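Trainee: no sequence for this one, just the structure:
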């Protein structure tokens, strides 16, 4: 979708990211993200206003004058249900990467338009201007339909508001389900009946964690930004160390292309961008711009790994080798809290840790 690549939306994305930052915090995710019910809450809540407003339109068009009071009540209840629906939507928006957020802000703008039109319709009905109210409601239905089209793209094509088993943690699902804990990798080796630890599951879980950390850094306040940056760099150093030492060198060629070498070049590019981010400092006006470039590069890199590299690699790894990789990811996640220094220094230290762990398991 063209909106995903429209960088003109980035100032709006950044501004709304700051304004809605509370919806990206763990407390909001726990209450409105649907972790407690095992899947996202937002898709279920959208049925309330849309269903009520659809019923309003049916009564407007076919109910006659006797149905006017019922249509007005349904419209008003729909407006009341829009508030929790929107709040849960912002929680999901904060779990996504920048290209998806661009679509999300247009989706939100269309929803605000629909709500405004329905509010005007309710006001007109209160003043006994039912013809105007009906026309405004029909216009609101059009805006809601356009928003629904984008919402369908986000849910179906981009899997926003969905849950992947790789993100499960203690009965919860979703990127950031363990955002304030050690992470979402878990221990795939302990699942009964599983023939081998699932490397793909471990990698995708950490990819989700890294995306969440990038989002949290982007919305962090001035006082929290330095700590969020340090947390991201330490975690990313461990993740890249495992991939560079244990995964990329083993990736088979695909259609004559050295996929592993391509991923290594991408990671080298991200490392240079991270070095630039460190040099800028968290108070620099260019910090957010540089961070957005890193976020897009990391997102593309993660998608390439999951689509091009990992499926073929998972088939070739023995159970023993896969177990070493999963243990290395888990160990690096735990060690991230103890790292210090620049990103390049932490990366080299993490690579040494991975090599020692792999040698001990050989």
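Mentor: All right, it came through fine. As the structure is a prediction and not an experimental result, all values here were calculated from the model.

Trainee: what about this structure, any weak spots by pLDDT?
Mentor: 161-197, 251-260, 314-315, 362 (pLDDT under 70).

Trainee: hmm, try it at 50
Mentor: Applying pLDDT under 50 to the chain flags residues 164-197, 253-256.

Trainee: which residues of it fall in helices?
Mentor: 10-19, 26-32, 42-62, 68-93, 98-126, 130-152, 199-219, 222-242, 259-280, 287-304, 310-316, 319-335, 343-361 (DSSP state H).

Trainee: which stretch among these comes nearest residue 159?
Mentor: helix 98-126 (9.3 Å; Cβ to Cβ). All C-beta spots, glycine's among them, are computed from the backbone N, C-alpha and C.

Trainee: what about the most centrally placed residue in the chain, distance to residue 21?
Mentor: In the chain, the centroid-proximal residue (Cα atoms, centre = their mean) is residue 96; its distance is 2.3 Å. To residue 21, residue 96 is 15 Å away according to Cβ to Cβ, to the nearest Å.

Trainee: distance between stretch 316-323 and the chain's centre?
Mentor: 29 Å (Cα atoms, centre = their mean, to the nearest Å).

Trainee: For that stretch, list every residue counted as buried.
Mentor: 317, 321-323 (16 or more other Cβ atoms under 10 Å).

Trainee: thinking again about what came up before, distance to residue 4 for the helices of the chain - can I get that in JSON lines?
Mentor: Below are the helices of the chain laid out as JSON lines (distance: least, Cβ to Cβ, whole Å):
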{"stretch": "helix 10-19", "distance to residue 4": "11"}
{"stretch": "helix 26-32", "distance to residue 4": "23"}
{"stretch": "helix 42-62", "distance to residue 4": "19"}
{"stretch": "helix 68-93", "distance to residue 4": "14"}
{"stretch": "helix 98-126", "distance to residue 4": "4"}
{"stretch": "helix 130-152", "distance to residue 4": "11"}
{"stretch": "helix 199-219", "distance to residue 4": "15"}
{"stretch": "helix 222-242", "distance to residue 4": "23"}
{"stretch": "helix 259-280", "distance to residue 4": "19"}
{"stretch": "helix 287-304", "distance to residue 4": "10"}
{"stretch": "helix 310-316", "distance to residue 4": "23"}
{"stretch": "helix 319-335", "distance to residue 4": "29"}
{"stretch": "helix 343-361", "distance to residue 4": "28"}
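
Trainee: tell me the most buried of those?
Mentor: Of all those, helix 199-219 has the most neighbours on average by mean count of other Cβ atoms under 10 Å, namely a mean of 23.

Trainee: How far away from the center of its chain is that helix?
Mentor: That offset, for helix 199-219, works out to 8 Å (Cα atoms, centre = their mean).

Trainee: What of stretch 47-63?
Mentor: 32 Å.

Trainee: Contacts for that stretch next, please.
Mentor: 67-68, 70-71, 74-75, 77-79, 81-82, 85, 118, 133-134, 137-138, 140-141, 144, 148 (Cβ atoms under 8 Å, 6 or more residues apart in numbering).

Trainee: Give me the neighbour count for residue 286.
Mentor: Neighbour count for residue 286, taken as other Cβ atoms under 10 Å: 11.

Trainee: i'd like the first residue to be 671 from this point on
Mentor: Got it, the first residue is 671 from now on, which makes the last one we talked about residue 956.

Trainee: leaving aside the residues next to it on the chain, what's closest to it?
Mentor: residue 950 (5.6 Å; Cβ to Cβ, 6 or more residues apart in numbering).

Trainee: now do residue 896
Mentor: residue 952 (5.0 Å).

Trainee: circling back: check the gap between the residue nearest to the centre of the chain and residue 965 for me.
Mentor: Distance from residue 766 to residue 965, by Cβ to Cβ: 11 Å.

Trainee: what do those two both touch?
Mentor: In contact with both residue 766 and residue 965: 881, 885, using Cβ under 8 Å, 6+ apart.

Trainee: quick one on the thing from earlier: what are the phi and psi values for the residue nearest to the centre of the chain?
Mentor: With angles defined as degrees, to the nearest 10, residue 766 sits at phi -110, psi 170.

Trainee: And for residue 709?
Mentor: phi -160, psi 170.

Trainee: And it, how far from residue 703?
Mentor: Counting by Cβ to Cβ, the gap from residue 709 to residue 703 is 10 Å.

Trainee: try residue 995
Mentor: Taken as Cβ to Cβ, the span from residue 995 to residue 703 is 29 Å.

Trainee: Ok, residue 749 next?
Mentor: When residue 749 is compared with residue 703 (using Cβ to Cβ), they lie 23 Å apart.

Trainee: same question, residue 961
Mentor: 23 Å.

Trainee: and what of residue 998?
Mentor: Residue 998 is 29 Å from residue 703, by Cβ to Cβ.

Trainee: before we move on, what about residue 916?
Mentor: Residue 916 is 32 Å from residue 703, by Cβ to Cβ.

Trainee: can you check residue 675 too?
Mentor: 27 Å.
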